[in-house]
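Novice: Please find the sequence and the predicted model below.
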Amino acid sequence: MSRTAFQDRSAITGIGWTEFSRKSGRTVLALATEASLRAIDDAGLRPEDIDGVVTYFHNADTVPPRAIVHALGLRQCHFQIFNALGGGWACAAVGAAAMAVHAGICENVLVYRAMNGQSEQHSPPSGPPGEDQWRAPFGVSHAAARFGPFVTAHMARFGTTSADLGLVAVTQRAHAALNAKAMMTSPLTLEEHQCSPWLIWPFRRADFCLRSDGAVAIVVSSAERALDLRHAPVLVTGFLGGTMAVALGTQGAEHPWQVNAHLAAPHLYGRAGVQPEDVDFAELYDPFSGMVLLHMEGFGLAAEGQAAAAFAAGRTTLDGDIPVNTHGGLLSEAYTHGLGHVIEAVQQLRPGGVCDDGCVSGEHDYDRGHCRQVRAPKLGLICGECGDSSLLLRAAA
């Protein structure tokens with residue numbers, strides 16, 4: 001598959017976030033505005049430079065783009081999207097912004113995700129919509145029940161165990177311990193994971209993602225414009241998705257443990273002219289620990305049935321050959337519906353990398369005393385829920 005004209009023509013130029021907490025005490029609009037202003041400032045831009053706004057939601061848990069347009073006092077907005085696909089749309093939000101810039105519709109597009117995910121509860125629409133009407137009567141009314149069967153199918157086929165899922169949670173917690181903005185930084189041992197209570201098979205409490213209040217935001221600009229801004233650009237080298245909101249199951253998958261990543265990966269890599277082995281690190285959507293294994297295998301970062309062995313062998317740690325969820329992910333950093341994964345990838349790919357404490361600029365402690373910088377990363381993979389959307393981000397040469 002040939003490369004596309006879209007490749008490397010847009011860049012992420014600004015990133016911002018609020019404090020992550022269990023009770024922000026603030027409105028969602030206030031959170032969204034703070035993260036957005038920080039991302040705009042990080043890019044070296046002013047609010048009036050923004051001319052497009054993109055966000056996504058689940059059960060009406062955030063504020064629409066028009067609210068941000070007014071809050072920021074934008075003079076014009078040529079493009080806005082308010083999508084309802086939830087975590088499956090995390091990377092698609094960035095891709096949509098990049099397409100608007102590449103098409104010449106906008107110069108700088110703001111992408112944000114904001115919610116009081118813990119302190120405010122949002123009810124779904126009355127009556128299960130669409131295909132959910134066939135699930136809800138049988139008790140599948142929440143995400144763990146929805147995605148658990150795909151993980152149990154993997155366990156039945158490959159012998160994956162609860163302890164294997166625990167290694168995912170333990171590894172990500174170790175990464176979060178080096179992340180100044182993470183909510184969960186205390187060490188987690190495999191024994192502690194195995195002693196945490198079952199909530200729904202095959203997931204223990206330590207396998208569940210967090211519920212968080214907070215907001216994150218990014219700015220997407222053209223690659224050419226990015227050269228004049230504050231940071232070296234992080235280029236959007238590949239994008240795919242905004243497709244299915246659930247794992248494939250019988251909707252086209254060859255096996256019941258396969259998710260949309262299996263179909264998406266060949267197109268994502270082919271259009272970018274890369275292979276899975278070119279990926280230096282991955283930020284994979286992790287609502288539950290077991291889904292990380294399915295995403296790794298779906299995107300070809302581990303052979304089928306071998307993702308758990310990759311965690312056991314240390315391949316997914318910061319010093320491994322394919323570091324995964326280097327910020328702690330949804331399990332330990334915060335639940336930001338996947339856009340936080342994009343921010344982490346940008347931090348890893350910027351010159352100087354990620355260092356919250358103790359390293360001299362550009363000189364990282366690769367003995368891993370305190371620094372979560374991946375060694376010389378050039379290409380990062382990010383995926384939304386089930387691989388329904390995905391991104392390849394590249395450090396500028």
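Specialist: Done, it's in.

Novice: Could you pull out the helices in the stretch 201-350 of the chain for me?
Specialist: 223-226, 261-272, 289-298, 307-312, 329-332, 339-349 (DSSP state H, counting those that start in this stretch).

Novice: State the number of residues packed around Val292.
Specialist: Val292 sits with 28 neighbouring residues when counted by other CB atoms under 10 Å. C-beta coordinates here come from the backbone N, C-alpha and C atoms, glycine included.

Novice: My read is that it contacts Leu330, right?
Specialist: No. Applying CB atoms under 8 Å as the test, Val292 and Leu330 come out as separate, 9.8 Å apart.

Novice: Name all residues that sit in contact with the two at the same time.
Specialist: Asp286 (CB atoms under 8 Å, 6 or more residues apart in numbering).

Novice: For Ser141, give me the pLDDT.
Specialist: Looking at Ser141, its pLDDT reads 63.

Novice: err, Gly166, not the other one
Specialist: 98.

Novice: show me the residues around it that make contact.
Specialist: Contacts of Gly166 (CB under 8 Å, 6+ apart): 190, 193-194, 204, 206-207, 289.

Novice: just the residues you listed now: which is nearest Ala97?
Specialist: Nearest to Ala97 among those is Ser289, at 29.9 Å by CB to CB.

Novice: ok, the closest one to Val324 distance?
Specialist: Per CB to CB, to the nearest Å, Ser289 is found 11 Å from Val324.

Novice: likewise Ala93?
Specialist: From Ala93 to Val324 the distance is 22 Å (CB to CB).

Novice: same deal with Gly104?
Specialist: 36 Å.

Novice: With neighbour numbers in mind, choose between those two.
Specialist: Val324 (29 against 9).

Novice: what's the pLDDT at the more buried one?
Specialist: 98.

Novice: Run through the bridge partners of it.
Specialist: Listed beta-bridge partners, Val324: Ala282 (assigned using DSSP bridges).

Novice: Quick check: it touching Phe281?
Specialist: Yes. Val324 lies in contact with Phe281 (CB under 8 Å); the separation is 7.3 Å.

Novice: mind listing the strands for this structure?
Specialist: Using DSSP state E, the strands found in the chain span residues 10-17, 52-56, 79-83, 108-116, 198-200, 203-204, 213-222, 234-241, 281-284, 379-383, 389-395.

Novice: Report all helices and strands that the longest one contacts.
Specialist: This points to strand 213-222. Secondary-structure packing of strand 213-222 (3 or more CB pairs under 8 Å, 6 or more residues apart in numbering; DSSP states H and E): strand 10-17, helix 28-42, helix 90-102, strand 108-116, helix 339-349.

Novice: so can I have CSV of these showing mean pLDDT and distance to Ala397?
Specialist: Shown next, in CSV, are those (pLDDT from 0 to 100; distance: least, CB to CB, whole Å):
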stretch, mean pLDDT, distance to Ala397
strand 10-17, 98, 12
helix 28-42, 98, 22
helix 90-102, 96, 19
strand 108-116, 97, 22
helix 339-349, 98, 12
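
Novice: Which stretch among the ones you listed approaches Leu240 most closely?
Specialist: The nearest among those, by CB to CB, is helix 90-102 at 7.5 Å.

Novice: Report the angle between that closest one and strand 10-17.
Specialist: 130 degrees (axes from the mean of the first three to the mean of the last three CA atoms, to 10 degrees).

Novice: picking that back up, so can I have a markdown table of the helices of the stretch 201-350 of the chain showing distance to Gly166?
Specialist: Output for the helices of the stretch 201-350 of the chain, formatted as a markdown table (distance: least, CB to CB, whole Å):
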| stretch | distance to Gly166 |
| --- | --- |
| helix 223-226 | 41 |
| helix 261-272 | 22 |
| helix 289-298 | 7 |
| helix 307-312 | 9 |
| helix 329-332 | 11 |
| helix 339-349 | 21 |
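
Novice: Of those helices, which is nearest Gly159?
Specialist: helix 307-312 (8.8 Å).

Novice: Now the closest one: buried residues?
Specialist: Residues of helix 307-312 classed as buried: 307-311 (neighbour count, 16 or more other CB atoms under 10 Å).

Novice: Name the residues that touch it?
Specialist: Helix 307-312 has contacts (CB under 8 Å, 6+ apart) with 158, 160-161, 164, 167-168, 171, 292-294, 296-297, 301-302, 316, 320, 322, 324.

Novice: again, only this time at 10 Å
Specialist: 154-155, 158-161, 163-172, 284, 289-290, 292-298, 301-303, 315-317, 320-322, 324 (CB atoms under 10 Å, 6 or more residues apart in numbering).

Novice: Who is the closest residue to Asp42 other than its chain neighbours paired with across the strands?
Specialist: With sequence-adjacent residues excluded and distances taken as CB to CB, 6 or more residues apart in numbering, Asp42 is closest to Gly14, at 4.2 Å. Gly14 forms beta bridges with Val219, as assigned by DSSP bridges.

Novice: Need the CA coordinates for stretch 204-218. PDB is fine.
Specialist: The C-alpha coordinates for stretch 204-218 follow below in PDB (Å, rounded to 0.1, in the frame of the first residue of the first chain):
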ATOM      1  CA  ARG A 204     -10.100  -7.800  39.500                       C
ATOM      2  CA  ARG A 205     -10.400  -4.300  40.900                       C
ATOM      3  CA  ALA A 206      -6.800  -3.600  40.000                       C
ATOM      4  CA  ASP A 207      -7.600  -4.500  36.400                       C
ATOM      5  CA  PHE A 208     -10.100  -1.600  36.100                       C
ATOM      6  CA  CYS A 209      -9.300   1.900  34.800                       C
ATOM      7  CA  LEU A 210      -9.700   4.900  37.100                       C
ATOM      8  CA  ARG A 211     -12.600   7.300  37.200                       C
ATOM      9  CA  SER A 212     -11.300  10.800  37.000                       C
ATOM     10  CA  ASP A 213     -12.100  14.500  36.900                       C
ATOM     11  CA  GLY A 214     -10.000  16.500  34.600                       C
ATOM     12  CA  ALA A 215      -9.200  17.700  31.100                       C
ATOM     13  CA  VAL A 216      -6.600  17.400  28.400                       C
ATOM     14  CA  ALA A 217      -6.100  19.300  25.200                       C
ATOM     15  CA  ILE A 218      -3.800  19.500  22.100                       C
END
